[in-house]
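Novice: Just need the structure, nothing else, for what follows:
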Amino acid sequence: MKRLLVLMLLLSSGAVAAAPLDQAGRTEILTNAARLIETRYVDPANGARIAAALLNARGKWADVTDPKQFAEQVTRWLRSVSSDGHLGLSYSEEPIAKGDPAGFTAAEMEKWYGAHLNHGIEKIERLPGNIMLLDIRVFPPPQMAGDVFAAAMTVVAQGDALIIDLRKNGGGAETAELLMGYLLEGGSPLTGSYDRPSDTRRYISSPSWVPGRRFGASKPLYVLTSARTFSAAEAVAYSLQALGRATIVGETTGGGAHPFEYRRVHEHFAVDLPEGKSINPVTGTNWQGTGVKPDVEVPAGQALDTAIDLARKALKDRSAAASGPPALPSSALGK
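Specialist: Next up is the predicted model:
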């Protein structure tokens, strides 16, 4: 399954110094990366263009022997040429296991998504007026933190309105889809994907059942975004916006809608390769390169206060509507 994963260098926490990278190693890495980009990158024409440019640019890094710097420099170059924030080169001090795609070690998964980060749940706060605030910094795989997300959503379910803060969320995995089950009717269409290598389309919908309590599909919902909001976090905002379920408040997001795989190109290097593209069934497109445009555009630092004001007004309007028109004075009844 394609993963919308947080982009980080795969750096081990071990104390062993990285071995210098020689010319043969650089050639192996770039040649293998170019081959994979040409044959598997989501856009065939762009893949061929990027691959040819990468091979022509090999001399740019002829003097780079530090593997970490090599990965960083090649990544910057790839993203500047492709305008794709998911395309990059990753380095790992630990040998990368052979596989298709290559797997992440337990230590790497723990580093990105583990308990020391509370599995991405940064804060839950009940604000005045019974408005709930949920700050999510990353979306882990469900097998790591599905129970944590279920617990968080059970807490916020008691709110009369909910604000989900994704301003510092760079993406992640399928707990993003799990989250939608607490906010939508079961079976609501979500953003799926197209995979180039297999020429297949993946359709997904919100879960019909989720553990714990649902916030529900009708109470006021707001999602905060910034230019740092990326990948899976953008998918959440985009799907909710397309369905008319949430008001997006803040800045236009980073614009990364290409799910990627981690393809081994060397014992210690892998190319982060976007092989698919997100497709929303409501809009027929995605947010690649454009970002998710907020419904209420304000600087990221003002997004929370703005959303709180919007939530208060929405709750006031709902309360007024529920109570009905004001009663006529007794004098009017006698006329």
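Novice: Just the endpoints, please. Distance across stretch 129-146?
Specialist: 29 Å (Cα to Cα, to the nearest Å).
Novice: Oh, that last question was meant for stretch 217-229, not what I typed.
Specialist: Start to finish, the residues bounding stretch 217-229 are 23 Å apart (Cα to Cα).
Novice: Surely His268 is in contact with Pro67?
Specialist: Yes. Applying Cβ atoms under 8 Å as the test, His268 and Pro67 come out as touching, 6.4 Å apart. From N, CA and C alone the C-beta is placed, and that goes for glycine too.
Novice: in the top helix by length along the chain, what counts as buried?
Specialist: Criterion DSSP state H: the longest helix present in the chain is helix 303-323. The neighbour-count check on helix 303-323 (16 or more other Cβ atoms under 10 Å) flags Ala303, Leu304, Thr306, Ala307, Ile308, Leu310, Ala311, Arg312, Ala314, Leu315 as buried.
Novice: name the helices or strands packed onto the helix or strand hosting Ile37?
Specialist: Assigned by DSSP states H and E, Ile37 belongs to helix 23-40. Packed against helix 23-40 by the contact rule (3 or more Cβ pairs under 8 Å, 6 or more residues apart in numbering; DSSP states H and E) you find helix 44-56, helix 67-82, strand 260-266, strand 269-274.
Novice: Let me see the mean pLDDT of that helix.
Specialist: For helix 23-40, mean pLDDT is 97.
Novice: coming back round to it: spell out which residues are contacts of both of His268 and Pro67.
Specialist: Tyr91 (Cβ atoms under 8 Å, 6 or more residues apart in numbering).
Novice: quick one on the thing from earlier: what lies in contact with the helix holding Ile37?
Specialist: Contact with helix 23-40 is made by 47-48, 50-52, 54-55, 58, 61-62, 64, 70, 74, 87, 89, 196-197, 263, 265-266, 269, 271, 273, 275, as judged by Cβ under 8 Å, 6+ apart.
Novice: Touching the longest helix of the chain from outside, list them.
Specialist: Identification of contacts with helix 303-323 by Cβ under 8 Å, 6+ apart yields 127, 129, 131, 133, 160-161, 163, 165, 167, 220, 222, 224-226, 247, 249-251, 296, 298.
Novice: Mind checking which residue lies nearest the centre of the protein?
Specialist: Centroid-nearest residue in the chain: Ala232, 2.0 Å away (criterion: Cα atoms, centre = their mean).
Novice: Settle this for me: it is touching Arg137, isn't it.
Specialist: No. Look at Ala232 against Arg137 with Cβ under 8 Å: they stay out of range, at 11.8 Å.
Novice: so what sits against both of the two?
Specialist: By Cβ under 8 Å, 6+ apart, Ala232 and Arg137 have these common neighbours: Asn169.
Novice: if I look at Ala176, how far off is His258?
Specialist: 15 Å (Cβ to Cβ, to the nearest Å).
Novice: Name the helix or strand for the nearest residue to Leu183 once chain neighbours are set aside, please.
Specialist: The shortest distance from Leu183 to any non-neighbouring residue, by Cβ to Cβ, 6 or more residues apart in numbering, is to Phe215 (5.8 Å). Using DSSP H and E, Phe215 sits within no helix or strand.
Novice: wait, isn't Phe215 in contact with Ala157?
Specialist: Yes. Using Cβ under 8 Å, Phe215 is in contact with Ala157, at 4.8 Å.
Novice: Show me which of those two is the more surrounded one.
Specialist: More crowded of Phe215 and Ala157, by other Cβ atoms under 10 Å: Phe215, with 23 against 16.
Novice: for that one, phi and psi?
Specialist: With angles defined as degrees, to the nearest 10, Phe215 sits at phi -70, psi -30.
Novice: Quick check: pLDDT value at Leu328.
Specialist: Here, the pLDDT recorded for Leu328 equals 59.
Novice: Low-confidence ranges, the stretch 201-335 of the chain, go.
Specialist: Residues of the stretch 201-335 of the chain meeting the criterion pLDDT under 70: 325-335.
Novice: Next: the stretch 51-200 of the chain.
Specialist: Those would be 100-103, if you go by pLDDT under 70 across the stretch 51-200 of the chain.
Novice: quick revisit: can you convert the helices and strands packed on helix 23-40 into a markdown table and add a column each for distance to Ile37 and mean neighbour count?
Specialist: Formatted as a markdown table, the helices and strands packed on helix 23-40 follow (distance: least, Cβ to Cβ, whole Å; neighbours: other Cβ atoms under 10 Å):
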| stretch | distance to Ile37 | mean neighbour count |
| --- | --- | --- |
| helix 44-56 | 5 | 16 |
| helix 67-82 | 8 | 18 |
| strand 260-266 | 9 | 22 |
| strand 269-274 | 7 | 27 |
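Novice: can you tell which of the ones you listed is closest to Glu108?
Specialist: strand 260-266 (9.9 Å; Cβ to Cβ).
Novice: before we move on, the earlier item: ok, now which ones touch the residue nearest to Leu183?
Specialist: Contacts of Phe215 (Cβ under 8 Å, 6+ apart): Met132, Met153, Val156, Ala157, Gly159, Leu162, Tyr182, Leu183, Leu221.
Novice: Quick check: closest non-adjacent residue to the third one.
Specialist: Right, Val156. Met132 (4.1 Å).
Novice: Over to the second one?
Specialist: Closest residue to Met153 apart from its sequence neighbours, by Cβ to Cβ, 6+ apart: Tyr182 at 4.3 Å.
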